[in-house]
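> requesting a structural model of the entry that follows:
(chains A and B)
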Amino acid sequence: MAYLFLLPSLFFVLVHFVVPTIYNIVLSFSDWHIIRPLEFVGFENYLDVFTSDEFWESLGRTLYFTLLCVPTTVTLALIVALGLFRVGPRRGSAFVRAMYFAPVVASLTAVAYIWTWMFNPAYGLLNEILKIFSIEPLQWLNDVDSVIPSLSIMYIWSRLGFDMLILISGLTAIAPEYYEAARIDGANRWHCFWNITLPLLNQQLVLICVVEMMMALKVFELPYAATNGGPVNASRTLVMHIFETAFQWNRMDEAAVASIALFVIILLITASQHFLLTRKIRY
Amino acid sequence: MQNKFFTKKKVRTYNERLLYIVMLFFGILMLVPLIWVVLTAFKTEPEIAKLPITWLPESFLNFDNFVEMFAAQPFGRYFFNSMTVAIISLLSSTAIAILAGYAFAKMEFRFKEFYFLLILSVFMIPQEVMILPKYLMMTQVGWVNSYLGLAFPDLFTAFGVYLFRQFMSGVPDTYIDAARIDGASEIKILCFVMLPLVKPALASFIIIKFMFSWNQFLWPLIIGQSQDMFTVTVGLVAFSGQWYNQWNLIAAATVLSIIPMLLIFILLQRYLVQGLVLSGTKG
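Numbers count the residues shown, from 1 in each chain, chains lettered A, B, ... in the order given. Take a look at the predicted model:
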């Protein structure tokens, strides 16, 4: 009887996960053509992908983007969460929380357009604000060096609220008795933060690090809508590389190799984060 | 002693009020991009190219951008498509998740732990790495450019199984046993005893799922190949490509694309927040 209830779920595990994974691996070892059947070619595709500059460059850009985004988002989210938690429940505090959280609901495509207009070198709001402080206008998305940092600003803005929510839920779960006991022992606020708040938030922090890392590594919408990979490919990310290889150059087999590479990278990073960051604590 | 205590408390509330103002200030900063895009949507073309920039549009009743937008591309159709896909995925994923969640929470069977871990592991794998095999599967069953094809990856959500299991485990067994003694079938117990008790979880799941489905981009970009099968996000990008640099029009389209999510955000924020927190804290 129970299996009947489980059957639909297990069916979808099969068609969403098991079959595609096997298919992907088969694809990566074959020569793919729209009308011809698959033909086994061994490691040829792997060789092609791993010797191509485009793959490594897009991977490098993606890692750079991830490195810019994840630590900043998590740190800012922690600061905002601590701030809002400290303010506590008072008139309007739910409203303030909603302000930080509002960008989360917008799709990343919408986020891309909202910010591309803000970043416009001639008529954008940001350069206008810089002018108030007598700072030279920046090129933002139009410059090879500043395009990835500009994209990470979009990303951080759109993800901050989610991480903040998770952290606030973690902060709420910490029993106030810990702080009271520490205060009696003469601990100052800094001690409390390092020895109570951070260890007890560890689970939530690891979680948002993992989620953000995954989200950043698979970033696609932001560069696709905002810059289309430009200028001169400076914002072409790994998923964008996979997408173009597969659907514009019709090289499914090579794209399959790149997807497997992304899969392995995400798996390794997720596993190592769990391993490195998770702290077992007992009080 | 008494006096010192009071002054200290006064300083604390003073600090907290200051902190509140700081948090409010940065909260407003978070909203600036959203406010800016809404204001831009009501401006005329000469207005957006005016320097120094003006904040408010000359008239908030200037709906020309929206009119022009609907004349240029079938946004009504895009909305209909996004809505249809969201409803198909909602019905399917909710039904499947409720069944499996109930089985895991209240039924006994062999290899329960194993099946649960299997389903959870699917949740950890990002869509993007499976996109090629899934696309090829869609071409083989002829679902490309169809609603079922667009909804395919969303027909099942492992997160839902987890969510409903958590909530249903919290329902006391006595309720279930009483119904079982009365001779009710498991499916009846699920529909008439269990579901009314987990309504908040149901609301959270539906809202969060709607949001994920509405904001999808890469998959509908690949599957919705003709214009009449574009979703809102894909249509937004297509529209912006057509009206390159007409930022008043792009802003109008962007605003329109996030209106459903903004409505949910304003009206059902409690469930949305709860859903996001639950989707995050699955550990």
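> and the most far-flung residue of chain A relative to its centre, how far from chain B?
Note on chain A: the largest C-alpha distance from the chain mean falls to A:Ile184, namely 40.9 Å (Cα atoms, centre = their mean). A:Ile184 sits 15 Å away from chain B when distances are taken as Cβ to the nearest Cβ, to the nearest Å. Backbone N, C-alpha and C define where each C-beta goes, glycine included.
> do A:Phe101 as well
7 Å.
> secondary structure element holding that residue?
For A:Phe101, the host element (DSSP states H and E) is helix A:93-101.
> what residue ranges in chain B score low on pLDDT?
Chain B contains residues with pLDDT under 70 at B:1-12, B:280-283.
> centre-most residue in it?
For chain B, B:Met211 is the residue whose C-alpha lies nearest the centre (Cα atoms, centre = their mean; 1.4 Å).
> pLDDT value on the residue farthest from the centre of chain A, please?
For A:Ile184, the model assigns a pLDDT of 87.
> ditto for the one 10 residues further on
A:Trp194 is assigned 88 on the pLDDT scale.
> distance of it from chain B?
Counting by Cβ to the nearest Cβ, the gap from A:Trp194 to chain B is 20 Å.
> mind listing what that residue touches?
Applying Cβ atoms under 8 Å, 6 or more residues apart in numbering or on different chains to A:Trp194 gives no contacts.
> residue numbers of the stretch 151-283 of chain A in contact with chain B?
A:157, A:160-162, A:165-166, A:169, A:203-204, A:207-208, A:211, A:214, A:218, A:220-221, A:224-225, A:239, A:242-243, A:246-247, A:252, A:255-256, A:259-260, A:262-263, A:266, A:270 (Cβ under 8 Å from any Cβ of the partner chain).
> helices or strands next to the helix ranked longest in chain B in the packing?
As assigned by DSSP state H, the longest helix anywhere in chain B is helix B:2-41. Under the contact criterion of 3 or more Cβ pairs under 8 Å, 6 or more residues apart in numbering or on different chains; DSSP states H and E, helix B:2-41 touches helix A:53-87, helix A:93-101, helix A:108-119, helix A:147-173, helix B:247-267.
> for residue 251, give me its contacts.
No chain in the question, so chain A it is. Listed by Cβ under 8 Å, 6+ apart, the contact set of A:Arg251 reads A:Trp32, A:Thr245.
> my bad, the chain I had in mind was chain B
Neighbouring residues of B:Ala251 by Cβ under 8 Å, 6+ apart: A:Tyr113, A:Trp117, B:Val37, B:Val38, B:Thr40, B:Ala41, B:Lys43, B:Asn65.
> what is the neighbour count of the residue lying closest to it once chain neighbours are set aside?
Computed as Cβ to Cβ, 6 or more residues apart in numbering or on different chains, the closest residue to B:Ala251 that is not its neighbour in sequence is B:Thr40, at 3.8 Å. Neighbour count for B:Thr40, taken as other Cβ atoms under 10 Å in any protein chain shown: 26.
> my read: B:Thr40 touches B:Ala253, true?
No: using Cβ atoms under 8 Å, B:Thr40 makes no contact with B:Ala253, being 11.2 Å away.
> phi, psi of A:Tyr123?
Dihedral pair for A:Tyr123: phi -110, psi 10, per degrees, to the nearest 10.
> confirm that B:Trp143 sits in a strand.
No: assessed with DSSP: H, G, I helix; E, B strand; the rest coil, B:Trp143 is coil; it does not lie in a strand.
> surely it touches B:Phe152?
Yes: using Cβ under 8 Å, B:Trp143 makes contact with B:Phe152 at a distance of 6.5 Å.
> shared neighbours of these two, which are they?
Here B:Trp143 and B:Phe152 share the contacting residues B:Ile223, scored by Cβ under 8 Å, 6+ apart.
> neighbour count: the two, which is higher?
B:Phe152 (25 against 17).
> contacting residues around the more buried one?
B:Phe152 makes contact with B:Lys134, B:Met138, B:Trp143, B:Trp219, B:Ile223, according to Cβ under 8 Å, 6+ apart.
> element containing the fourth one?
Right, the one you point to is B:Trp219. Assigned by DSSP H and E, B:Trp219 falls within helix B:218-223.
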